[in-house]
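Trainee: no sequence on hand, only this structure:
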């Protein structure tokens, strides 16, 4: 499928140390494929030099485009904006911190060429603390007992979505979006590939304990009518 056009959507918040490294890794991965591609950075109201680095990347990488938020709206809003602006036949969602290995991109594209609408990269828990691993397993066990879709530990936003999958997601009008649930909600043919957990190269995680807790609660209430029924 040499005519295939790939969009990379990369939410970015205070990632000044990773933008150019990310672009070099993407170019090194995509050039041998001969495929056309665009890299759409979504700056989520960064207060460091992330936007300066993105604008600087425009000089050496004509594939770069960007959306810039006026303030920090959160990763879910950044993903939605990226999907709205992406023009590709398929969209690959990746984090800017290089914890999503670019070397997996050919496998994601291969899955698309085989007819899958979602090709999901699933990481293991290597390198995570025992407490975090235990809490993660407990969360996924509990949430899958209560919600109407199925979530899998290690499956996040790192995935390829076909144009059909992207359009299906954009038709959903949720104001408070929980993408992990939405990916499962739209259905469509899926394939999963596994990879070793990768540690962040530059900067620090943007997820505080409070944010993670709020995100976990969003997952429970977004695809579950039991809390509302309990109120009644």
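Mentor: That came in fine, so what should we check first? Keep in mind that what you see is a predicted model, and the values were worked out from it rather than measured.
Trainee: which residues touch stretch 21-34?
Mentor: With C-beta atoms under 8 Å, 6 or more residues apart in numbering as the contact definition, stretch 21-34 has outside contacts at 2, 6, 8, 10, 15, 37, 39, 57, 60-61, 63-64, 96, 98, 102-103, 105-106, 109, 201-202. The C-beta positions use only the backbone N, C-alpha and C, and glycine is treated the same way.
Trainee: select only the buried ones of these in ChimeraX?
Mentor: Restricted to buried positions by 16 or more other C-beta atoms under 10 Å, the ChimeraX selection for these reads:
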select :6,8,10,15,37,39,57,61,63,64,96,98,102,105,109
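Trainee: what about the contacts of stretch 21-34, which are in strands?
Mentor: 6, 8, 10, 37, 39, 64 (DSSP state E).
Trainee: for the fourth one, list each beta-bridge partner.
Mentor: The bridge-partner assignment for residue 37, based on DSSP bridges, gives residue 6.
Trainee: ok, now which ones touch it?
Mentor: Counting by C-beta under 8 Å, 6+ apart, residue 37 has contacts 5-8, 26, 30, 63, 88.
Trainee: give me the three-state assignment for the residue positioned nearest the centre of the chain.
Mentor: Nearest to the mean C-alpha position of the chain, by C-alpha atoms, centre = their mean, lies residue 157 at 2.9 Å. Secondary structure for residue 157, judged by DSSP: H, G, I helix; E, B strand; the rest coil, is strand.
Trainee: next one: it from residue 170, what distance?
Mentor: 16 Å (C-beta to C-beta, to the nearest Å).
Trainee: hmm, back to that, for residue 74, see how far away the residue nearest to the centre of the chain is.
Mentor: Computed with C-beta to C-beta, the distance linking residue 157 and residue 74 is 13 Å.
Trainee: what residues do these two have in common as contacts?
Mentor: By C-beta under 8 Å, 6+ apart, no residue touches both residue 157 and residue 74.
Trainee: out of the ones in strands among the contacts of stretch 21-34, the closest to residue 190 would be?
Mentor: Residue 190 lies nearest to residue 6 out of the ones in strands among the contacts of stretch 21-34, by C-beta to C-beta, at 18.4 Å.
Trainee: pLDDT below threshold where in the protein?
Mentor: Under the criterion pLDDT under 70, the flagged ranges of the chain are 1-2, 125-130, 132-153, 175, 197-230, 232.
Trainee: how about the helices in it?
Mentor: Assigned by DSSP state H, the helices in the chain fall at 19-30, 50-60, 75-85, 105-113, 130-146, 163-171, 179-185, 209-222, 226-231.
Trainee: I figured the residue nearest to the centre of the chain hits residue 79, correct?
Mentor: Yes. The pair residue 157 / residue 79 is scored as a contact, 6.5 Å apart, by C-beta atoms under 8 Å.
Trainee: quick one: common contacting residues for the two?
Mentor: 93, 179.
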